[in-house]
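Peer 1: With the input below, show me the fold.
(2 chains)
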Amino acid sequence: AQSVTQLDSHVSVSEGTPVLLRCNYSSSYSPSLFWYVQHPNKGLQLLLKYTSAATLVKGINGFEAEFKKSETSFHLTKPSAHMSDAAEYFCVVSDPYNNNDMRFGAGTRLTVKP
Amino acid sequence: DGGITQSPKYLFRKEGQNVTLSCEQNLNHDAMYWYRQDPGQGLRLIYYSQIVNDFQKGDIAEGYSVSREKKESFPLTVTSAQKNPTAFYLCASAGGATYEQYFGPGTRLTVT
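Peer 2: As a prediction, the model looks like this:
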C-alpha cells in the first residue's frame, strides 16, 4: 500500500525568505507524485507533478520539488515567499498500476509573515 | 470555459434528511471522485468512478451513495445514515496521460 507523510503540519516563514515543505512517500512501485495547494474554502489546485521524467520538477508560482528515490522524498521549495503563498499544501502519491489510486498527506499549513 | 463545477457552494440541512451534492465536468474525463475534508485533515476518498455506469467504494463510503449515468455528472447523496455529515466535500475528475486530478471548488455541508 502506498502512503505519504507530510512532516510538518504548520510552517511559518517571513515574506521574502525561502519555503521548504517536506514530504516522504511509501510506494511499492515507481509512483507519480503531486503537490496541490488549497486556499481557504476553495478546491485544490495542482502546483506540480512528478511522473518519472526529470527529478527536479518546476511548477506554477515559482514552486519546485525534487524527487529523491534514495530518500523517498518529494519536498516542495520556493526561493522567496510571497504573502499570497499562505495556504494549505498537500503532497499526493499516485499508483499508476492500481487505477491511479491517490493518497493524500494530511496537509501543511503555510503562514507568511510580513 | 472548461472545468469542474460543484453546486451549491454552501448547503444546510436538518438531521435525518438526505441531500444530494452536484458535480459536473466538461473536461471529457473518464474518472470522477468524491472526497470529504474535515478541519485540519487531508482528503478522504468516499467513492470513485472510472467509467460511466460503474463506481467503487472508497475508504469512507458508509452513509453515502453515488450514481454515474452520464460521463459529465457524478452526484453524491449524503444519506441520513451518515453519522457525521457536516464537512467540506470536494469532487475531482481525472484523465489524460498522467491522470492528475482536477478539483471543483467544493461544497460546504452543514447538518444541524
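Peer 1: name the helices or strands packed onto the worst-scoring helix or strand of chain A on mean pLDDT?
Peer 2: In chain A, no helix or strand scores lower on mean pLDDT, DSSP states H and E than strand A:101-104, which sits at a mean of 86. Packing partners of strand A:101-104 (3 or more CB pairs under 8 Å, 6 or more residues apart in numbering or on different chains; DSSP states H and E): strand A:3-6, strand A:87-95. C-beta coordinates here come from the backbone N, C-alpha and C atoms, glycine included.
Peer 1: Is there proximity between whichever helix or strand comes after the first one and chain B?
Peer 2: Translated: strand A:3-6. Downstream of strand A:3-6, the next assigned helix or strand under DSSP states H and E is strand A:10-14. No. On the criterion CB under 8 Å from any CB of the partner chain, strand A:10-14 is out of touch with chain B, staying 9.8 Å away.
Peer 1: Now the very next helix or strand once past strand A:10-14: buried residues?
Peer 2: As assigned by DSSP H and E, the chain's next helix or strand after strand A:10-14 is strand A:19-21. Of the residues in strand A:19-21, A:19, A:21 count as buried by neighbour count, 16 or more other CB atoms under 10 Å in any protein chain shown.
Peer 1: quick one: contacts of strand A:19-21?
Peer 2: Residues outside strand A:19-21 that contact it (CB atoms under 8 Å, 6 or more residues apart in numbering or on different chains) are A:6, A:8, A:11, A:13, A:35, A:63, A:75-78, A:81, A:85, A:89, A:91, A:108, A:110.
Peer 1: what about 10 Å?
Peer 2: With contacts defined as CB atoms under 10 Å, 6 or more residues apart in numbering or on different chains, strand A:19-21 is touched by A:6-8, A:11, A:13, A:35, A:62-63, A:65, A:74-82, A:85, A:89-91, A:105, A:107-110, A:112.
Peer 1: residue nearest the centroid of the chain?
Peer 2: You didn't pick a chain, so chain A it is. The centre of chain A sits closest to residue A:35, judged by CA atoms, centre = their mean, with a distance of 3.4 Å.
Peer 1: that's the wrong chain, I meant chain B
Peer 2: For chain B, the residue nearest the mean C-alpha position is residue B:34 (3.1 Å; CA atoms, centre = their mean).
Peer 1: can you tell me if stretch B:69-85 touches chain A.
Peer 2: No. Using CB under 10 Å from any CB of the partner chain, stretch B:69-85 stays clear of chain A, coming no nearer than 14.7 Å.
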